[in-house]
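1. I need the structure of the sequence given here:
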Amino acid sequence: MATILIANALTVNEGQSIHQDLLIRNGHIAAVGGDLSGKAADQIIDADGCALFPGMIDDHVHFREPGLTHNTIDRLEEKHRIARQTSFANYSFYLGGANDNIEAIKALDPKQACGVKVFMGASTGNMLVDDPDALEQIFTHSPVIVATHCEDSPTIDENTRRFQAIHGENIPISLHPAIRSEDACYRSTALAVELAGRCNTRLHVLHLSTAKELSLFSSMPLDRKRITAEVCVHHLIFSGTDYRDKGTLIKCNPAIKTEMDRQHLLAALNTGTIDVVGTDHAPHTLAEKQQPYLKAPSGLPLVQHAFVSLLEHVHDGVLTVERVAEKTAHGPARLFEVKERGYLREGYWADLVLVDLNRPTVVDQRPVHYRCGWTPFAGRTFRSTVKATFVSGHLAFIDGKINPEPAGKRLEFER
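-> Okay, here's the model as predicted:
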């Protein structure tokens, strides 16, 4: 593996931004310092004018590989075998919670999966856990973090019936946040938090979408929390007014809500109420997404532009680059106890993203690196550009080109 010197970068790490160099050797960060030009290197990348972040640890993606929703440990290991051969990014997987797999959850080695994923509300796929006894068993006995999708299905079903009585099968997309409503989110999230408190669960609630839910979470330091929360990039950049132009392309569960909700979610990143930022990347074909509201699947392809979309809030003065590093790398690494990743530290794996904060990215449908072939950000200009990414010291992407050699490694956990 090549030894690479990244010179003259603004390193963003652990609350500080410092102009210095970083040396990669044998996949790891060998040195971080003011001037490492005397160190031998096979390749030198001049990062003058660019910021160097620890690589984003996205705690929430759906990559559709192998495309099924089995929830056994054997299937979990099969997914790892596939990823080992094909993944361009480092990876781990959740074991899916179900009404009938508590014994598999009890038998799970804490180092085998990042967590147990529980759908407390029906969404894409068929993984709903709606048996109260099964839910309590999972919350009581899971040996790892329980990560929840929180929406109350009875509330959603009632809202759907109410609007079908008015609109028939032609419900407009603008009513999506009224169907998958604030109340549906709050009821389910409140139940998860109550259960976690009663069962002493290590709970992580995914994709908060409303200001009301924030009242259920603490702003105490992450290391003292038993209950944590995630927000996703699309809930930070889109709001209800975007349904007019984007239509079902931005249909997702939970729904994108109001501008007020968006602003409160952003503010919660600074107060510490929300601990990490993820994507909930969930691709579907354009033909599927352009169907009428009731038939169009929920989910957006987001990983390619996630980081530059988040940096828009830095340009707007809402977040700092240090906060971005905290919520995309440090926080997930600590929350999931990921071994030797998430920081720019000597001896850690060299997972890095190099960003030109002053070079715009003009988004079109080409080049989009998704098999689904589209992005909800088409037509948008972001004020930053990702220049390069490194995956375990491997130069995975530079100046718009992806290295065709998969270099992803299975994440290890210090549990």
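2. what score does Met127 have for pLDDT?
-> Met127 carries a pLDDT value of 81.
3. hmm, it is touching Gly96, no?
-> Yes - with contacts counted by C-beta atoms under 8 Å, Met127 reaches Gly96, the gap being 5.4 Å. Just so you know, the C-beta spots here come from the backbone N, C-alpha and C atoms, and that holds for glycine as well.
4. in the stretch 251-400 of the chain, which spans are strands?
-> Using DSSP state E, counting those that start in this stretch, the strands of the stretch 251-400 of the chain run over 276-278, 352-356, 361-362, 381-382, 385-391, 394-398.
5. again with the stretch 51-200 of the chain
-> For the stretch 51-200 of the chain, the strands defined by DSSP E, counting those that start in this stretch occupy 94-96, 115-119, 146-149.
6. for Leu22, which of these is the nearest?
-> Ranking those by proximity to Leu22 (C-beta to C-beta) places strand 115-119 first, at 30.5 Å.
7. what mean pLDDT does the closest one get?
-> 97.
8. can you spell out which helices and strands pack onto that strand?
-> Applying 3 or more C-beta pairs under 8 Å, 6 or more residues apart in numbering; DSSP states H and E, one finds that strand 115-119 contacts strand 94-96, helix 132-141, strand 146-149.
9. looking at these, which is buried most?
-> Of all those, strand 146-149 has the most neighbours on average by mean count of other C-beta atoms under 10 Å, namely a mean of 26.
10. identify the residues contacting it?
-> Residues from elsewhere that reach strand 146-149 (C-beta atoms under 8 Å, 6 or more residues apart in numbering): 59-60, 94, 97, 115-121, 123, 138-139, 188-189, 192, 196, 201-207, 253.
11. of all the strands of the stretch 251-400 of the chain, which one comes closest to Lys246?
-> Among those, strand 381-382 sits nearest to Lys246 (C-beta to C-beta), with 16.1 Å.
12. okay, now the closest residue to Ser174 other than its chain neighbours: neighbour count?
-> Nearest residue to Ser174, sequence neighbours excluded (C-beta to C-beta, 6 or more residues apart in numbering): Tyr243, at 4.8 Å. Neighbour count for Tyr243, taken as other C-beta atoms under 10 Å: 21.
13. just the buried residues of the helix or strand encompassing Tyr243, please?
-> Following DSSP states H and E, one finds Tyr243 within helix 243-246. Under the neighbour-count criterion of 16 or more other C-beta atoms under 10 Å, helix 243-246 has Tyr243, Lys246 buried.
14. relative to Pro172, which of the strands of the stretch 51-200 of the chain is closest?
-> Closest among those, using C-beta to C-beta: strand 146-149, at 24.5 Å.
15. run the chain-centre distance for the closest one.
-> Using C-alpha atoms, centre = their mean, to the nearest Å, the mean C-alpha position of strand 146-149 is found 13 Å from that of the whole chain.
16. what about the helices in the protein?
-> 73-86, 102-106, 132-141, 153-167, 176-179, 182-199, 233-237, 243-246, 259-271, 286-289, 306-315, 321-325, 331-335 (DSSP state H).
17. how about TSV for those, with mean pLDDT and distance to Asp356 added?
-> Listed next are the helices of the chain as TSV, based on pLDDT from 0 to 100; distance: least, C-beta to C-beta, whole Å:
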stretch	mean pLDDT	distance to Asp356
helix 73-86	82	29
helix 102-106	97	44
helix 132-141	97	44
helix 153-167	98	42
helix 176-179	99	35
helix 182-199	98	37
helix 233-237	99	19
helix 243-246	98	27
helix 259-271	99	23
helix 286-289	96	30
helix 306-315	99	10
helix 321-325	99	13
helix 331-335	99	24
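18. enumerate every residue touching Lys111.
-> Lys111 touches Glu412, Phe413, Arg415, counting by C-beta under 8 Å, 6+ apart.
19. which among these count as buried?
-> Using 16+ other C-beta under 10 Å, the buried ones in the contacts of Lys111 are Phe413.
20. now pLDDT too, for the contacts of Lys111, in CSV please.
-> Converted to CSV, the contacts of Lys111 look like this (pLDDT from 0 to 100):
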residue, pLDDT
Glu412, 98
Phe413, 98
Arg415, 94
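21. which one of the contacts of Lys111 is nearest to Tyr293?
-> Once C-beta to C-beta is applied, the member of these that ends up nearest Tyr293 is Phe413, at 40.2 Å.
22. gap between the closest one and Leu286?
-> The gap separating Phe413 from Leu286 is 37 Å, by C-beta to C-beta, to the nearest Å.
23. and what of His369?
-> 15 Å.
24. and Asp130, what is it in contact with?
-> Taking C-beta under 8 Å, 6+ apart, one finds Asn99, Ser153 in contact with Asp130.
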